[in-house]
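J.: Any chance you could fold what I've pasted below:
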Amino acid sequence: EARRFPVKETALWGARPLTPTAIAKRHAEDHLRYYERYRGLAFTSLVLGTVYGPHQDPLAGGVVGAMTARLLLGEPAIVTGDGNQTRDFVFVDDAVHAFSLAADRGEGRTLNIGTGVESSVNGVLRMLCGITQFSEPPQTGPLPTGEVRRSVLDNEAAERELGWKPWTHLEDGLRETVAYLRSTLPG
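T.: Down below sits the predicted model:
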């Protein structure tokens, strides 16, 4: 886990990945660097915060989609651990914009795509409960092994190199997500 927050891209360079997802991401970036060095492939790698938004599959494991779906179905959200773990929640439209800006770049750089704002799972759940008008307390479950306690990304390099900044405030993005899931879930 990082020691300084928000986390800069350079903080990840010597870090040992601890989860299967982190290992796969590191492996993919190592492949990109190989092809850059030996085949001349120009690339830009984007490290994404916790992306959420409309069209998110609530069964695919994303915390915002999963909690929203349960609330809209009249069921309490499930919070793992104490819910005080934090994430850098970035709205899907903002992430897509970053990809569109990075698509024609190829400096072999890794750039963070996040808001630079650290938000707790409990805080997001409170916002979702306010939006959905759901008032029951959440169910709790164990914190998954290897779960990162804090995550917030420094996005200064993306702003400087791509001209990218997130424009969607968390509560606005949550409202759009709730509206979409409300229109697609049964009931």
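
J.: chain center to the helix or strand of the chain with the lowest mean pLDDT: distance?
T.: Least confident helix or strand, the chain: helix 20-39 with a mean of 91, by mean pLDDT, DSSP states H and E. Per CA atoms, centre = their mean, to the nearest Å, the displacement of helix 20-39 from the mean C-alpha position of its chain is 20 Å.

J.: let's number from 154 now, not from 1
T.: Taking 154 as the first residue, the last one we looked at is helix 173-192.

J.: Pull out the buried residues from that helix.
T.: For helix 173-192, burial by neighbour count (16 or more other CB atoms under 10 Å) applies to 178, 185. The way it works is simple: take the backbone N, C-alpha and C, and place the C-beta from them, glycine included.

J.: What of stretch 318-331?
T.: Residues of stretch 318-331 classed as buried: 319, 321, 323, 326-327, 329-331 (neighbour count, 16+ other CB under 10 Å).

J.: got a markdown table for these, with pLDDT, distance to R190 and secondary structure too?
T.: A markdown table is the format used below for the buried residues of stretch 318-331 (pLDDT from 0 to 100; distance: CB to CB, whole Å; DSSP: H, G, I helix; E, B strand; the rest coil):
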| residue | pLDDT | distance to R190 | secondary structure |
| --- | --- | --- | --- |
| P319 | 98 | 32 | coil |
| T321 | 99 | 36 | coil |
| L323 | 99 | 39 | helix |
| G326 | 99 | 38 | helix |
| L327 | 99 | 42 | helix |
| E329 | 99 | 41 | helix |
| T330 | 98 | 40 | helix |
| V331 | 98 | 45 | helix |
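
J.: Quick one: the helices in this structure, in order.
T.: 173-192, 216-225, 245-255, 274-285, 309-315, 323-337 (DSSP state H).
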